[in-house]
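1. sequence below, structure please.
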Amino acid sequence: MEEPVVPASQRGKKNRKVGLIALLVALGMLGLGYASVPLYRIFCQATGFGGITKRVDEAQAAVVKDSGRTMVVRFDANVERGMPWEFKPLQRTDTVSIGVRDMALFWAKNDSKETVTGTASFNVEPEQAAKYFDKIQCFCFTEQTLKPGEEARMPVIYYIDPAILNDPDNKDVQELTLSYTFHVSATGGAKALDQSNAGG
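-> Residues are numbered from 1 along each chain as shown. Presented below is the predicted three-dimensional model:
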């Protein structure tokens, strides 16, 4: 039995429909790819997942009470390859009262001959403790721009949530490490990055 012959006009319509569906799926996947990074970051900031610290406002910070216990916080600073900045904590460690806000200062200097805009990624180790490290203010919340040779002090205002003391997964944690890495921002500094690579 022979297959019925489908007219060319109907085949063309069917092919266009399949092509349109494939295009829409591809565009949807591309959109999800772009959205996944900020959505993942928002999720991590809200939950502390993946070693990402939580961001809190003044109202949330105001209700936290001193636990009477202390913990050591170690500070670590890095720059990505090709980032023409020096970057370091002004204090390597600090013993802080759990539940009391504290401030850490970092120092950065642009060693290039161009204005460079950077953005800092961050995490806390051990990872399971990150959700208890709450930042009220941080240079990592926004991009930072330094002119040639310019230096800056960059504060982080934070506290450790006393709830960490009741978490069995953190019962042996006596020290946290807050680590930052500065990257050349996608919106500024590409010229400086190119020149620093050309020079080195």
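2. confidence score at the residue nearest the centre of the chain?
-> Centroid check for the chain by Cα atoms, centre = their mean gives residue 121 as the closest residue, at 3.9 Å. Reported pLDDT at residue 121 in the predicted model: 94.
3. next: residue 48.
-> Reported pLDDT for residue 48: 46.
4. what residues sit buried inside stretch 116-131?
-> Across stretch 116-131, burial judged by 16 or more other Cβ atoms under 10 Å covers 116-120, 122-125, 129-131. From N, CA and C alone the C-beta is placed, and that goes for glycine too.
5. which one of those is nearest to residue 70?
-> For the buried residues of stretch 116-131, the residue nearest residue 70 by Cβ to Cβ is residue 129; the value is 14.5 Å.
6. the residue nearest to the centre of the chain belongs to a helix?
-> No: counting by DSSP: H, G, I helix; E, B strand; the rest coil, residue 121 is not found in a helix; it is strand.
7. residue numbering should commence at 18 henceforth.
-> Sure thing, new numbering starts at 18, so read that last one as residue 138.
8. measure it to residue 113 for me?
-> The gap separating residue 138 from residue 113 is 23 Å, by Cβ to Cβ, to the nearest Å.
9. if I look at residue 164, how far off is residue 107?
-> Using Cβ to Cβ, residue 164 is found at 21 Å from residue 107.
10. any weak-confidence spans in this structure?
-> 18-29, 45-70, 205-217 (pLDDT under 70).
11. could you chop it up by domain?
-> Following automatic domain parsing, one finds the domains of the chain at 26-64, 68-216.
12. please identify the most buried of those domains.
-> Highest mean neighbour count of the domains of the chain: domain 68-216, a mean of 17 (counted as mean count of other Cβ atoms under 10 Å).
13. so how far is that one off the chain centroid?
-> 10 Å (Cα atoms, centre = their mean, to the nearest Å).
14. wait, isn't residue 181 in contact with residue 147?
-> No: between residue 181 and residue 147 there is no contact, the gap being 10.3 Å when judged by Cβ atoms under 8 Å.
15. and the contacts of stretch 153-161?
-> Residues outside stretch 153-161 that contact it (Cβ atoms under 8 Å, 6 or more residues apart in numbering) are 72-75, 78, 118, 123, 125, 134-139, 152, 169, 171-176, 197, 199, 202, 204-205.
16. out of these, which sit inside helices?
-> Cross-referencing the contacts of stretch 153-161 against helices under DSSP state H gives 75, 78.
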